[in-house]
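Asks: Got a predicted structure plus its sequence, pasted below:
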Amino acid sequence: MATLSRMRRVGPGSGFWIVAVVFVVTMAYSTVPTPLYPLYEQRDDFPVSLVTVIYSAFAVGVMLSLYLFGHVSDWLGRRTMLVIAVGISIASAVMFLLWPETAGLIAARAVNGVSIGILSATATAHLGELRAIARPQESPVFATSVAGAANLGGLALGSLIGGLVAEVLPDPLVLPHVLFLVLLVLGGVALLIVPETVVRPAPLPRYRPQKLSVPRAGRSIFLVAAFGAFAGFAVFGLFSSLIPTFLAGEFGERDHLLAGVTVFAIFGASAAGQLALVSTRLRTQLTIAVSACAVGLVCVGIGALLFLIAYAGPVIPVLAVGIGLAFAPPLAVLLVFIVLVLAATVSAGLIMRRRAPV
């Protein structure tokens with residue numbers, strides 16, 4: 001520990017980019033299993049609906065860690081919590097490698113979700129603080145944009161890398177995890193030289209979960225925004241859980257790289273959209289978002305009807321779709337999903353657009 005305490009720290013400018021890269025790598029690992037799900041299904045002989053349970057385990061891990069630990073870096077330290085988050089991702093990689101059963105897959109995804117919940121909140125705050133120290137005259141928009149791009153860009157790269165490694169190298173259920181295990185270890189070591197931006201209080205406060213509240217004046221717009229975000233993430237959930245399975249099972253496309261590219265496209269487009277529209281007025285952004293989401297859902301429904309039948313949002317909806325597949329025709333489930341998500345996205349977006357400043 002004494003050796004670590006004497007390690008030379010880099011400046012806040014360099015630290016900013018180190019955190020950004022580690023953010024990308026750790027987020028990327030969370031989508032590495034996506035193009036591999038058909039292989040897990042073959043290996044363990046489980047039904048398609050179980051993939052929704054696996055994804056829900058990840059989502060539950062994210063939500064619990066955001067609620068329980070998302071605020072801890074405010075007093076324990078940004079760097080400390082980032083190292084912990086990366087360490088938890090390392091643990092999930094080890095679980096993938098050493099616990100090759102369905103229960104291990106579910107547990108590893110839940111543990112990885114805990115890591116992502118801690119990471120996303122902490123890294124975003126750390127990036128903003130490091131950039132403010134390095135460039136005090138700069139608008140905070142830059143740091144926010146980099147954080148958003150690292151978050152979504154990492155999700156995009158993970159599926160692409162996972163699919164590529166699985167397609168061109170042997171042991172597709174082993175080597176992607178080994179590769180990212182090495183990258184995560186290197187990232188955790190790199191974080192040790194990043195400056196801390198939080199001064200720990202003495203004594204440390206007693207731990208309590210976050211208090212969730214919304215100011216009374218902003219509750220209506222909060223609910224609308226939450227509704228729209230829920231609908232948007234429903235599409236993300238579909239692409240990051242069941243799209244590879246439908247490509248392989250319904251269309252006979254077993255190319256792992258194709259599965260990775262498909263997921264890469266949606267997350268990559270989202271990251272690019274954030275960067276491209278960062279200086280655009282909010283009303284214009286919402287108009288583009290609503291239009292793009294509506295057109296995209298209709299095109300998916302027309303061009304590949306089965307693509308949307310098994311995911312209708314994180315956690316509870318995704319489980320409901322998984323159950324529905326056992327009792328209802330796939331086309332009926334698909335149509336219900338498209339109608340609900342389209343209605344939720346368009347209505348929430350239009351309401352937010354009316355309330356947005358001109």
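Replies: Great, that's in hand. Numbering: from 1, shown residues only.
Asks: List the buried residues of the strand or helix carrying residue 152.
Replies: Following DSSP states H and E, one finds residue 152 within helix 141-168. By 16 or more other CB atoms under 10 Å, the buried positions in helix 141-168 come out as 143-167. Just so you know, the C-beta spots here come from the backbone N, C-alpha and C atoms, and that holds for glycine as well.
Asks: Now do that helix: which elements does it pack against?
Replies: helix 12-31, helix 102-134, helix 175-191, helix 256-276 (3 or more CB pairs under 8 Å, 6 or more residues apart in numbering; DSSP states H and E).
Asks: Distance to residue 77 for these - can I get that in TSV?
Replies: Formatted as TSV, the helices and strands packed on helix 141-168 follow (distance: least, CB to CB, whole Å):
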stretch	distance to residue 77
helix 12-31	13
helix 102-134	9
helix 175-191	11
helix 256-276	28
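Asks: and those helices, which one is worst for confidence?
Replies: Ranked by mean pLDDT, those end with helix 256-276 at the bottom, a mean of 70.
Asks: residue contacts, the closest residue to residue 154 other than its chain neighbours?
Replies: Excluding its sequence neighbours, the residue lying closest to residue 154 (CB to CB, 6 or more residues apart in numbering) is residue 27, at 2.9 Å. Under the criterion of CB atoms under 8 Å, 6 or more residues apart in numbering, the neighbours of residue 27 are 116, 119, 120, 150, 151, 153, 154, 155, 158.
Asks: Same check on residue 180?
Replies: So residue 180 contacts 25, 28, 29, 32, 93 (CB under 8 Å, 6+ apart).
Asks: Quick check: of these, which lies closest to residue 195?
Replies: residue 25 (19.6 Å; CB to CB).
Asks: who are the neighbours in contact with the closest one?
Replies: Listed by CB under 8 Å, 6+ apart, the contact partners of residue 25 are 154, 180, 183, 184, 187.
Asks: hmm, back to that, how about the helices and strands packed on helix 141-168, which one is nearest residue 38?
Replies: helix 256-276 (7.5 Å).
Asks: Counting by contacts, list what the host helix or strand of residue 344 packs against.
Replies: Using DSSP H and E, residue 344 sits within helix 330-355. On a contact count with 3+ CB pairs under 8 Å, 6+ apart, helix 330-355 meets helix 219-239, helix 282-303, helix 316-324.
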